[in-house]
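Novice: Compute the structure for the input listed below.
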Amino acid sequence: MRRSLIQAAANEEENEINITPMLDVVFIMLIFFIVTATFVKEAGIEVNRPDAPTATVQERANILIAINDANQIWIDRRQVDPRAVRANIERLRAENPEGSVVIQADRRAYTETLVTVMDAAREAGVFNVAIAAQND
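Specialist: Predicted structure coming up:
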């Protein structure tokens with residue numbers, strides 16, 4: 001009788017499915033996807049960009065700056081004073097030295113504001129500056 005109880009307990013252990021290795025694999029896959037995911041950065045406001053039939057897609061735009069129709073400058077979802085644009089670009093450039101600047105200027109924004117932002121980017125050491133446009 002005692003022998004049959006031991007065999008029954010051993011048979012129950014053999015019949016159970018051990019999910020620990022599966023959980024390990026799922027956890028490792030989750031970490032892999034989190035580490036390799038690219039996150040879309042936005043400037044913080046919706047901009048009505050001008051049309052340009054020759055516009056091309058820029059793959060690695062890490063520093064996005066938006067200028068709305070009221071000539072307000074937005075970086076990382078917050079409004080920035082024109083005198084602080086350079087400091088913000090330098091901070092973002094320190095986080096990613098290979099980053100480029102993409103300026104999303106509204107079609108009614110003043111050229112003066114656009115040039116001010118471009119100059120601030122160049123003074124911050126970023127020479128890869130692009131202006132976003134709609135590609136029809």
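Novice: Let's see the helix or strand hosting M29 as CSV, backbone CA atoms only.
Specialist: Assessed by DSSP states H and E, M29 sits inside helix 20-36. Output of helix 20-36 as CSV, limited to C-alpha atoms (Å, rounded to 0.1, in the frame of the first residue of the first chain):
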residue,chain,number,x,y,z
THR,A,20,8.9,28.1,-15.4
PRO,A,21,11.1,27.8,-18.5
MET,A,22,8.2,29.2,-20.6
LEU,A,23,7.9,32.2,-18.3
ASP,A,24,11.6,32.7,-18.5
VAL,A,25,11.4,32.8,-22.3
VAL,A,26,8.5,35.2,-22.3
PHE,A,27,10.2,37.5,-19.8
ILE,A,28,13.4,37.5,-22.0
MET,A,29,11.4,38.3,-25.1
LEU,A,30,9.6,41.1,-23.3
ILE,A,31,12.9,42.6,-22.3
PHE,A,32,14.2,42.3,-25.8
PHE,A,33,11.3,44.1,-27.3
ILE,A,34,11.4,46.9,-24.8
VAL,A,35,15.1,47.4,-25.4
THR,A,36,14.9,47.4,-29.2
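Novice: got the CA positions of the very next helix or strand once past it in CSV?
Specialist: Proceeding N to C from helix 20-36, the next assigned helix or strand is strand 61-67, under DSSP H and E. Output in CSV follows, covering the C-alpha atoms of strand 61-67 (Å, rounded to 0.1, in the frame of the first residue of the first chain):
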residue,chain,number,x,y,z
ALA,A,61,15.2,62.6,-36.6
ASN,A,62,15.9,62.8,-32.9
ILE,A,63,15.4,66.4,-32.0
LEU,A,64,12.0,67.7,-33.2
ILE,A,65,11.2,71.4,-32.9
ALA,A,66,7.8,72.8,-33.8
ILE,A,67,6.8,76.4,-34.7
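Novice: Can you tell me which helices and strands whichever helix or strand comes after strand 61-67 packs against?
Specialist: Next helix or strand after strand 61-67 toward the C-terminus (DSSP H and E): strand 73-75. Other elements packing on strand 73-75 under the criterion 3 or more Cβ pairs under 8 Å, 6 or more residues apart in numbering; DSSP states H and E are strand 61-67, strand 78-80, helix 85-95. Using the backbone N, CA and C atoms, a C-beta is placed for each residue, glycine as well.
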